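Undergrad: pasting the sequence and the predicted coordinates here, then a few questions.
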Amino acid sequence: MNVQRLPTNSPIDKILAGGLEYGVVTNVYGPAGCGKTNIALSSLLSVNDGKIIFIDTENNFSLERLGQLTDSEEILKRIIFFRPENWAEQVKIVNQLKDVAEKEKIKFIIVDSLVALYRLEINQENFHNINRQLATQYSQLSKIAREKNIPVLVTNQIYSTGSGKEDIEMTSKTIARYWSKALVELQKTDKPNHRVGIVRKHRSLPEGKRVEFIITKNGLEEPKFKLF
């Protein structure tokens, strides 16, 4: 069976058998500056026709960075851009996505990040309600991916549970693991601009596959000398 995938135009494709799988939610998570937005930007360059939804909750979308990755301005005309300023706005936008996908020729959805505003909103009093809203957003994105047979990429943040590199967890771990068919963790290394991508969950690929990459002006590239 031939599984359709959208190339990320990065070394991450090596551990994802060619890219982001159509029809499911792929979740890329890691610390700030690890390359999550870079993967999102390089992935959207693979969409040759149709429109792309980009929800930017952290003000990370950069026209300058996109211009470093491509000299084509045509791609900008096909991006439907949202920038919610609070959790309530994000909830409203995600609720509208099904209608937008029906009206427009949507071929790819990116949410960068799904949990930034969630983390600002959640507290002990609203914990259950906000988690329910987050699960609903994942459910809506998953349904659109499945019904429209398109890839959906969300980025996620982490928090520390201890002092070591392995003592980290995804934000909203249980909800994210349930709704994401693919989980990719990004880690920083001791070398400047060097990162490691690791498959933490996938419905058809082995967990633990990893690849090293470098963030350069031209995009994400494999290093000449590898750590492993």
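TA: Arrived safely. Numbering: from 1, shown residues only.

Undergrad: how far does the longest helix seen in the chain sit from the chain's center?
TA: In the chain, taking DSSP state H as the definition, the longest helix is helix 127-148. Centroid separation for helix 127-148 versus its chain: 15 Å, with Cα atoms, centre = their mean, to the nearest Å.

Undergrad: same deal with stretch 204-212?
TA: 17 Å.

Undergrad: in the strand ranked longest in the chain, what counts as buried?
TA: If you go by DSSP state E, the chain has its longest strand at strand 194-202. Using 16 or more other Cβ atoms under 10 Å as the test for burial, strand 194-202 gives 194, 195, 196, 197, 198, 199, 200, 201, 202. All C-beta spots, glycine's among them, are computed from the backbone N, C-alpha and C.

Undergrad: rewinding a little: only the buried residues of the longest helix of the chain, if you could.
TA: Using 16+ other Cβ under 10 Å as the test for burial, helix 127-148 gives 130, 133, 134, 135, 137, 138, 140, 141, 142, 144, 145, 148.

Undergrad: other residues contacting that helix?
TA: 22-25, 87, 90-91, 94-95, 97-98, 101, 106, 109, 111, 114-115, 118, 121-122, 150-152, 154, 172, 175-176, 178-180 (Cβ atoms under 8 Å, 6 or more residues apart in numbering).

Undergrad: pull out the buried members of those residues.
TA: By 16+ other Cβ under 10 Å, those give 22-25, 87, 90-91, 94, 97, 101, 106, 109, 111, 114-115, 118, 121-122, 150-152, 154, 172, 175-176, 179-180 as buried.

Undergrad: ok, back up a step: and which of the buried residues of helix 127-148 is nearest residue 9?
TA: Nearest to residue 9 out of the buried residues of helix 127-148 is residue 145 (Cβ to Cβ; 20.0 Å).

Undergrad: how much space between that closest one and residue 219?
TA: Using Cβ to Cβ, to the nearest Å, residue 145 is found at 25 Å from residue 219.

Undergrad: what do you get for residue 25?
TA: Separation of residue 25 from residue 219 (Cβ to Cβ): 24 Å.

Undergrad: after the longest helix of the chain, which helix or strand is next?
TA: strand 152-156 (DSSP states H and E).

Undergrad: tilt between that following strand and helix 127-148?
TA: Relative orientation of strand 152-156 versus helix 127-148 (axes from the mean of the first three to the mean of the last three Cα atoms, to 10 degrees): 150 degrees.

Undergrad: how far does strand 152-156 sit from the chain's center?
TA: Centroid separation between strand 152-156 and its chain, computed with Cα atoms, centre = their mean, is 3 Å.

Undergrad: and that strand, what's its mean pLDDT?
TA: The pLDDT scores in strand 152-156 average 97.

Undergrad: partner strands of it, with direction?
TA: Strand pairing for strand 152-156, using DSSP bridges, gives strand 25-29 (parallel), strand 106-112 (parallel).

Undergrad: keeping just the C-alphas, turn the last one into PDB.
TA: Looking back up the chat, that one is strand 106-112. This file holds the C-alpha atoms of strand 106-112, laid out as PDB (Å, rounded to 0.1, in the frame of the first residue of the first chain):
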ATOM      1  CA  ILE A 106      -7.000  23.400   1.500                       C
ATOM      2  CA  LYS A 107      -4.100  21.100   1.100                       C
ATOM      3  CA  PHE A 108      -2.200  21.500   4.400                       C
ATOM      4  CA  ILE A 109      -2.800  22.800   7.900                       C
ATOM      5  CA  ILE A 110      -0.200  24.100  10.300                       C
ATOM      6  CA  VAL A 111      -0.700  25.100  13.900                       C
ATOM      7  CA  ASP A 112       2.400  26.600  15.400                       C
END
